[in-house]
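Undergrad: no sequence for this one, just the structure:
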Ligand SMILES: C[S@@+](CC[C@H](N)C(=O)[O-])C[C@H]1O[C@@H](n2cnc3c(N)ncnc32)[C@H](O)[C@@H]1O
């Protein structure tokens, strides 16, 4: 099922193609280890899982088949790719899959009762300064929240798994800010929803991100390359 409500603005190349998004993020982060760890933390058996935002639906690849999955994202191209290709190609068979094209802050319309697990992955740095608001509303409708966020965002700080990307990032260090802003707009983290001026204010180091998780009541941190996973339980 696909429900549509809102249309975002201009997106970078990376956010125009789910294939490209996956190809790039797989070279920057350890996506398989990250999402299989999140799936392991969600656990097996029938559960209501809400993925905020679901992006290209990568998490679904690792979920137990008895799970009822609900994914929300404003990127219609990503959702379309999940529906048309991803589920079939990866042979993803979950008990129920609901995909909604809407704003993650639009909590009134989430389907049904309280969620067993809400996953908040790789989104806080996009929605700054509303990141605390998202976590607080999620706490009201979830028994458990699994959060995952990179502690390095600026291109020059990213470790990158892939040699080619390591080289690109190395030279990226020397680019002036205005050029980085243009590159971000056309090719990188411009999701068409959150502005560069806001996103670029997110600046949590490894220590600060750990501190932030702790302040918000999250525990059991797992480090995966440049990212930290943590858990909150009601
Ligand atoms: C970096 S991706 C992360 C996606 C997914 N959680 C993952 O880890 O692969 C960020 C996603 O957030 C979505 N997004 C950003 N702000 C949003 C909002 N306010 N409502 C819905 N989706 C949003 C973008 O469309 C994009 O797909």
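TA: Structure received. Keep in mind that this is a model prediction, so the values were computed, not measured. Residues are numbered from 1 along each chain as shown.

Undergrad: Show me which residues of the protein are close to the ligand?
TA: By the rule Cβ under 6 Å from any ligand atom, the part of the chain lying against the ligand is 53, 55, 58, 73-75, 78, 103-105, 121-123, 126-127, 191, 193-194. For every residue, glycine as well, the C-beta is placed using N, CA and C.

Undergrad: let's see 8 Å
TA: Neighbours of the ligand within the chain, by Cβ under 8 Å from any ligand atom: 6, 8, 11, 15, 21, 25, 31, 34-35, 51-56, 58-59, 72-75, 78, 102-106, 119-123, 126-127, 148, 189, 191-194.

Undergrad: Just the ones of those residues in strands?
TA: Among the residues of the chain next to the ligand, DSSP state E puts 51, 72, 73, 119, 120, 121, 148 in strands.

Undergrad: Hmm, the fourth one is touching residue 41, no?
TA: No: because the distance of 9.1 Å does not satisfy Cβ atoms under 8 Å, residue 119 is recorded as not touching residue 41.

Undergrad: higher neighbour count, those two?
TA: A direct count of neighbours by other Cβ atoms under 10 Å for residue 119 and residue 41 places residue 119 higher, at 29 against 17.

Undergrad: Quickly list what that one is bridged to.
TA: With DSSP bridges as the criterion, residue 119 is bridged to residue 51, residue 146.

Undergrad: that older thread, as JSON lines, the ones in strands among the residues of the chain next to the ligand with pLDDT would be great.
TA: Compiled in JSON lines, these are given as follows (pLDDT from 0 to 100):
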{"residue": "51", "pLDDT": "98"}
{"residue": "72", "pLDDT": "96"}
{"residue": "73", "pLDDT": "97"}
{"residue": "119", "pLDDT": "98"}
{"residue": "120", "pLDDT": "98"}
{"residue": "121", "pLDDT": "98"}
{"residue": "148", "pLDDT": "97"}
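
Undergrad: Out of the residues you listed, who's the most crowded?
TA: For these, the largest neighbour count, defined by other Cβ under 10 Å, is 29 neighbours, found at residue 119.

Undergrad: Name the SS class of residue 133, please.
TA: Taken by DSSP: H, G, I helix; E, B strand; the rest coil, the conformation at residue 133 corresponds to helix.

Undergrad: so who does it touch?
TA: Each residue near residue 133 by Cβ atoms under 8 Å, 6 or more residues apart in numbering is listed here: residue 105.

Undergrad: Can you tell me which residue of the chain sits closest to the ligand?
TA: Closest contact between the chain and the ligand, by Cβ to the nearest ligand atom, is at residue 55 (2.5 Å).

Undergrad: Now do the end-to-end distance for stretch 125-145.
TA: End-to-end distance of stretch 125-145 (Cα to Cα, to the nearest Å): 17 Å.

Undergrad: picking up where we left off before, list residues touching both of residue 119 and residue 41?
TA: Here residue 119 and residue 41 have residue 146 as joint contacts, going by Cβ under 8 Å, 6+ apart.

Undergrad: thinking again about what came up before, and the residues of the chain next to the ligand, which of them are buried?
TA: Neighbour counting with 16 or more other Cβ atoms under 10 Å marks 11, 15, 21, 25, 31, 34-35, 51-56, 58-59, 72-75, 78, 102-104, 119-123, 126-127, 148, 189, 191, 193-194 as buried within the residues of the chain next to the ligand.

Undergrad: which ones among these are found in helices?
TA: Those of those mapping onto helices are 21, 25, 31, 34, 35, 78, 126, 127, per DSSP state H.

Undergrad: which ones are touching the first one?
TA: With contacts defined as Cβ under 8 Å, 6+ apart, the neighbours of residue 21 are 14, 15, 55, 56, 78.

Undergrad: CSV for these, including distance to residue 162 and pLDDT?
TA: Listed next are the contacts of residue 21 as CSV, based on distance: Cβ to Cβ, whole Å; pLDDT from 0 to 100:
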residue, distance to residue 162, pLDDT
14, 15, 95
15, 20, 97
55, 19, 98
56, 18, 98
78, 22, 97
